[in-house]
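Novice: Fold the following and give me the result.
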Amino acid sequence: MSTNINIRVDEELKSVLQGYARLEGKTVSEIVLDAVKEKLENDYDYKLALLAYDSVDMSDTTTMADMCAEAGIDYEAL
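Specialist: Model prediction:
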């Protein structure tokens, strides 16, 4: 089930949205919804990346060769 959310925009932005919607063959609602979803996904991914970066132990000196050996992969064959 969907619901409505109303936003206020100035006339210039309204015209841009309408023109872009026509070019894309979509409704203004679809254009705005796509933009909101993309923004949220990008922000979420960015925040997850920051969390992952913060969890990295920068003093770890494990090499790629060490990781390959641990996984049973021939590092020299890569």
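Novice: buried sites along stretch 21-38?
Specialist: Across stretch 21-38, burial judged by 16 or more other Cβ atoms under 10 Å covers A21, I31, V32. For every residue, glycine as well, the C-beta is placed using N, CA and C.
Novice: Which element, helix or strand, includes V16?
Specialist: Secondary-structure assignment from DSSP states H and E places V16 in helix 11-24.
Novice: and that helix, average pLDDT?
Specialist: Average pLDDT, helix 11-24: 98.
Novice: With stretch 52-61 instead?
Specialist: Stretch 52-61 comes out at a mean pLDDT of 89.
Novice: N4: neighbouring residues, count only.
Specialist: Counted by other Cβ atoms under 10 Å, the residues lying close to N4 total 5.
Novice: From Y46, how far out is it?
Specialist: Distance of N4 to Y46, given as Cβ to Cβ, to the nearest Å: 29 Å.
Novice: Quick one: distance of the biggest helix by length in the chain to the chain centre.
Specialist: For the chain, the helix with the greatest residue count under DSSP state H is helix 28-54. With Cα atoms, centre = their mean, to the nearest Å as the basis, helix 28-54 stands 5 Å off its chain's centre.
Novice: what's the helix or strand that it is followed by in contact with?
Specialist: Using DSSP H and E, the helix or strand that follows helix 28-54 towards the C-terminus is helix 64-71. For helix 64-71, contacts defined as Cβ atoms under 8 Å, 6 or more residues apart in numbering pick out D74, Y75, L78.
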